[in-house]
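In: with the input below, show me the fold.
(chains A and B)
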Amino acid sequence: MEDYEIIELYNSRSERAILETEKKYGNYCHTISFNILQNKQDVDECVNDTYLKIWNSIPPACPLNLKAYIGRIIRNVSLDLIQRKNAIKRGKGRYQVVYDELDYALSSNGQADLVERLELRDALNSFLASLTPECRNVFIGRYWYFDSISTISSKMNFSQSKTKMILMQCRNKLKQFLKKEGYDL
Amino acid sequence: MTDSVISALNEVDEEYLFSYENRRPQKKVYLMNWKYWAVAAMLAIVVSIGLIIMPFNNKGNNEKLIRSSYESFESFINNASSHLKDETIILAGINLEEYETADYYSVQSESIGEYMELGPRIFILKTTKDGKTYEIAYQPMVMNSNDMPDKYKTENPYSDCFIINHIKISYRKLKTHIEGEFVGDSGYYKIICYSNQLSDFFDFMISLLN
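Out: Here you go, the predicted structure:
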């Protein structure tokens, strides 16, 4: 089923919309969520939460790209869950590894408010635009999709050592970029 | 800051997300991998060496060469019998060291039996009165004119011998070396051929006869 047809189902409040969403994007959601949580029960919970959020947000939302829309929601939901869990107990898994990688470069300095987050989003867009397509893909694969090094290497047809090297260069560039943008690191 | 970056990444342009998302593991392009080129080059070298060595280690070719030489020998004999006058005797020394192979020995021994042995030899060619038949005997190289078997000495009409004091022909960069020598005053003509091609010797002999 095409995305616009699924959105039509949401707009008409048909419960079939969720079934079609699951059929088309269920694996996509599970992959993103599992990369972050590494726990099947948590993933199932997050995916169900995501379907609910989509149901509640469409309408009035009318995403131009449903896949990106769903991807962002599942990512946010999964990150929220793991952050809640980490508040109680430092978790393990890939999220923590990815987090630590970035944290080592960026030295966490408190939460940003909404305005700062929007500014940061623009800065990150500029930063990504400044990267070569290959570096950008590796960066997105690691820090957006939370993919493993081996998965990224396979997708990019790189060796794992090359992927690690690109990631390290990207982190250093990001640090320099954010400093240049005036962020206190 | 790290939390903020991870959260803010959620809002980056969609095209960046799908640029990665749409990638699929690629098949390895072997032609672009230097390791495969290295293996291919090594194989090519091994095959080339094999092709170079093969002719030197090819019994079939060796036998062909020997048979060719033998045919030349036959040709020479036939030619000699038609040109030499009655009871002309030629002493020809042939260095057969290059032919000390089982193949050669078997080929030659089938044809001329006891007259053919390995190592340097002198062949004694003698025409008969009808000029068509011949006899072949052999003697060790150490033989001199005094050691010549009497039957040849007595039967030899000196006037018909090839009287050439000394010839020395070298060609093919020492691979073939042919010497002709007048043996004392006996009228015998000794030809010594050092060659890795018997046919060279026979050709030379035929040229002398003609």
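
In: residue A:51 and residue A:20 touch, don't they?
Out: No - assessed by Cβ atoms under 8 Å, residue A:51 is found out of contact with residue A:20, at 10.9 Å. Every C-beta, even on glycine, is put in place using the N, C-alpha and C of the backbone.

In: looking at those two, which one has more neighbours?
Out: residue A:51 (21 against 17; other Cβ atoms under 10 Å in any protein chain shown).

In: which strand or helix spans the more buried one?
Out: helix A:40-57 (DSSP states H and E).

In: what helices or strands is that helix leaning on?
Out: Using 3 or more Cβ pairs under 8 Å, 6 or more residues apart in numbering or on different chains; DSSP states H and E as the contact criterion, the elements in contact with helix A:40-57 are helix A:16-37, helix A:66-88.

In: tell me the buried residues in the last one?
Out: Residues A:66-79, A:81-82, A:85 are the ones in helix A:66-88 that count as buried (16 or more other Cβ atoms under 10 Å in any protein chain shown).

In: from those, list the ones also adjacent to chain B.
Out: A:67, A:68, A:71, A:72, A:75, A:76, A:79 (Cβ under 8 Å from any Cβ of the partner chain).

In: contacting residues for the closest residue to the third one other than its chain neighbours?
Out: So that's residue A:71. Nearest residue to residue A:71, sequence neighbours excluded (Cβ to Cβ, 6 or more residues apart in numbering or on different chains): residue A:32, at 6.1 Å. Contact analysis of residue A:32 by Cβ atoms under 8 Å, 6 or more residues apart in numbering or on different chains lists A:71, A:74, A:75, A:78, A:145, A:146.

In: same question for stretch B:52-63, mean pLDDT?
Out: For stretch B:52-63, mean pLDDT rounds to 55.

In: by mean pLDDT, flag the weakest helix or strand of the chain.
Out: Using chain A. When the helices and strands of chain A are scored by mean pLDDT, DSSP states H and E, helix A:94-106 comes last with a mean of 69.

In: wait, I meant chain B there
Out: Using mean pLDDT, DSSP H and E, the lowest element in chain B is strand B:166-171, with a mean of 28.

In: where in chain A is pLDDT low?
Out: A:87-95, A:103-115, A:185 (pLDDT under 70).

In: which residue packs closest to the residue most central in space within it, ignoring adjacent ones?
Out: Taking Cα atoms, centre = their mean, the centroid of chain A lies closest to residue A:144, which sits 3.7 Å from it. Excluding the flanking residues, the one nearest residue A:144 by Cβ to Cβ, 6+ apart is residue B:9, at 5.4 Å.

In: from memory the one you found sits against residue A:124, does it?
Out: Yes - with contact defined as Cβ under 8 Å, residue B:9 counts as touching residue A:124 (6.0 Å).

In: domains of chain B?
Out: As assigned by automatic domain parsing, chain B contains the domains B:2-56, B:59-209.

In: which of these has the lowest mean pLDDT?
Out: Taking the mean pLDDT of these, domain B:59-209 comes last: a mean of 40.

In: distance of residue A:60 from residue A:7?
Out: 12 Å (Cβ to Cβ, to the nearest Å).

In: more crowded one of these two?
Out: residue A:7 (21 against 6).

In: return the residues in contact with the more buried one.
Out: Going by Cβ under 8 Å, 6+ apart, the list of residues near residue A:7 reads A:58, A:62, A:63, A:66.

In: next one: residue A:18
Out: Contacts of residue A:18 (Cβ under 8 Å, 6+ apart): A:51, A:54, A:55.

In: quick check, nearest of the residues you listed to chain B?
Out: Proximity of those to chain B (Cβ to the nearest Cβ) peaks at residue A:54, which lies at 15.2 Å.

In: over to the residue nearest to residue A:160 when sequence neighbours are not counted: give its phi and psi.
Out: Leaving aside its chain neighbours, residue A:160 sits nearest to residue A:153 (4.7 Å; criterion: Cβ to Cβ, 6+ apart). Dihedral angles of residue A:153 (phi, psi; degrees, to the nearest 10) stand at phi -60, psi -40.

In: could you measure from residue A:153 over to residue A:96?
Out: Counting by Cβ to Cβ, the gap from residue A:153 to residue A:96 is 21 Å.

In: what does residue A:73 give?
Out: 22 Å.

In: just residue A:171 next, same as before
Out: Distance from residue A:171 to residue A:96, by Cβ to Cβ: 16 Å.

In: part of a strand, is residue A:158?
Out: No - looking at residue A:158 with DSSP: H, G, I helix; E, B strand; the rest coil, it is coil, so not inside a strand.

In: number of nearby residues for it?
Out: 18.

In: likewise residue A:138?
Out: Residues near residue A:138, counting by other Cβ under 10 Å: 28.

In: leaving out chain neighbours, which residue sits closest to it?
Out: Per Cβ to Cβ, 6+ apart, closest to residue A:138 is residue A:166, 4.7 Å.

In: surely the one you found and residue A:133 touch.
Out: No - counting by Cβ under 8 Å, residue A:166 stays clear of residue A:133, with 11.6 Å between them.

In: so between those two, which is more surrounded?
Out: residue A:166 (23 against 10).

In: which residues does that one contact?
Out: Per Cβ under 8 Å, 6+ apart, neighbours of residue A:166: A:134, A:135, A:138, A:139, A:158.
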